[in-house]
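**Student:** I would like to see how this sequence folds:
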Amino acid sequence: MSTSSHRWYSRFGKRLFDLALTLPGTVAISPLMAVLALAVRMKLGSPVLFSQTRPGKGGHPFTLYKFRTMTDAVDDEGNLLPDEIRLTEFGDWLRRSSLDELPELLNVLKGEMSLVGPRPLLMQYLPRYSQRQFRRHETQPGITGWAQINGRNALSWPEKFELDLHYIENQSLAMDVKILIETFAKVFRQEGIRREGHATMPEFMGNDDQGEPLNKDEETSTMNED
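**Tutor:** Numbering: from 1, shown residues only. All right, here's what the predicted structure looks like:
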């Protein structure tokens, strides 16, 4: 793909591609989203949607939406119980099927996210990036991305960032179509949902430091990347 074509797609074509798929897609799956919202309300309580501030293009904050997957269970002192306890069978199914991600289509329609791009992490990570790692914010964050079809949460942070940068430097319509097709295959096979031994990815500490497991979901203020 030529430099001019790459630039045109990243600036204009990508948004047209997102809208062409997301507008009819959201209408088509709206009954499913309504059923899931009702199920979340009955099994996990309210709010049905988890919302959290994430960095978008250029590192500018936006509010990301997902279906909640954990309960609000606490211990005798009022502290939230570990993720593994609060993550119910239903919530785990939502994650394994990636159906908890469907509300992010609203972010795509609003222009805050793209169907394909680096996954939006946490605002608190921004100061920890190297100059090269911060380049992942040169495009809109995505619901899925090059890293997600090449390992997802089974990857280390350095591996994940290098794959994100590969996407930034090579994004094209053909690449986005390939990523979406392979994402559906990955979701069907339920590959790379989490690291072995963890309910979530470890926290990104900066550079090559892997950190400790970070709470993923809505009941804490520090939701992990996937």
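
**Student:** what about the strands in the chain?
**Tutor:** If DSSP state E is used as the criterion, the strands of the chain fall at 49-55, 61-67, 114-116, 142-144.

**Student:** now the angle from the lengthiest helix in the chain to strand 61-67?
**Tutor:** Longest helix in the chain, counting residues (DSSP state H): helix 14-44. Orientation of helix 14-44 against strand 61-67 (axes from the mean of the first three to the mean of the last three Cα atoms, to 10 degrees) gives an angle of 50 degrees.

**Student:** how many degrees apart are helix 14-44 and strand 49-55 in direction?
**Tutor:** 140 degrees.

**Student:** now the strands of the chain in JSON lines, with distance to Ser4 and mean neighbour count?
**Tutor:** Where you see a C-beta, it was placed from the backbone N, CA and C, and this is true even at glycine. Formatted as JSON lines, these follow (distance: least, Cβ to Cβ, whole Å; neighbours: other Cβ atoms under 10 Å):
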{"stretch": "strand 49-55", "distance to Ser4": "28", "mean neighbour count": "18"}
{"stretch": "strand 61-67", "distance to Ser4": "29", "mean neighbour count": "19"}
{"stretch": "strand 114-116", "distance to Ser4": "20", "mean neighbour count": "26"}
{"stretch": "strand 142-144", "distance to Ser4": "23", "mean neighbour count": "26"}
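
**Student:** other SSEs contacting the longest helix of the chain?
**Tutor:** strand 61-67, helix 89-97, helix 104-109, strand 114-116, helix 173-189 (3 or more Cβ pairs under 8 Å, 6 or more residues apart in numbering; DSSP states H and E).

**Student:** neighbours around Glu162, how many?
**Tutor:** Residue neighbour count, defined by other Cβ atoms under 10 Å, stands at 16 for Glu162.

**Student:** ok so, going back, nearest to His6, of the helices and strands packed on helix 14-44?
**Tutor:** helix 173-189 (10.2 Å; Cβ to Cβ).

**Student:** pLDDT below threshold where in the protein?
**Tutor:** Counting by pLDDT under 70, the chain has low-confidence residues at 1-2, 190-202, 207-226.

**Student:** roughly how far apart are the spatially most distant residue from the centre of the chain and Met113?
**Tutor:** Taking Cα atoms, centre = their mean, the residue of the chain most remote from its mean C-alpha position is Asp76, at 32.6 Å. Distance, Asp76 to Met113, by Cβ to Cβ, to the nearest Å: 40 Å.

**Student:** over to Ser10?
**Tutor:** Separation of Ser10 from Met113 (Cβ to Cβ): 15 Å.

**Student:** neighbour count winner among these two?
**Tutor:** Of the pair Ser10 and Met113, Met113 is the one with more neighbours under other Cβ under 10 Å, namely 27 against 17.

**Student:** give the contact list for the more buried one.
**Tutor:** The contact partners of Met113, taken as Cβ atoms under 8 Å, 6 or more residues apart in numbering, are 56, 62, 64, 104, 107, 120, 140-143.

**Student:** burial count for Pro24?
**Tutor:** Count around Pro24 with other Cβ under 10 Å applied: 10.

**Student:** Asp18 and Val108 touch, don't they?
**Tutor:** Yes - judged on Cβ atoms under 8 Å, Asp18 makes contact with Val108 at a distance of 5.5 Å.

**Student:** look up the residues that both of those two are in contact with.
**Tutor:** Each of 114-115 lies in contact with both Asp18 and Val108 under the rule Cβ under 8 Å, 6+ apart.

**Student:** fine by me, thanks again.
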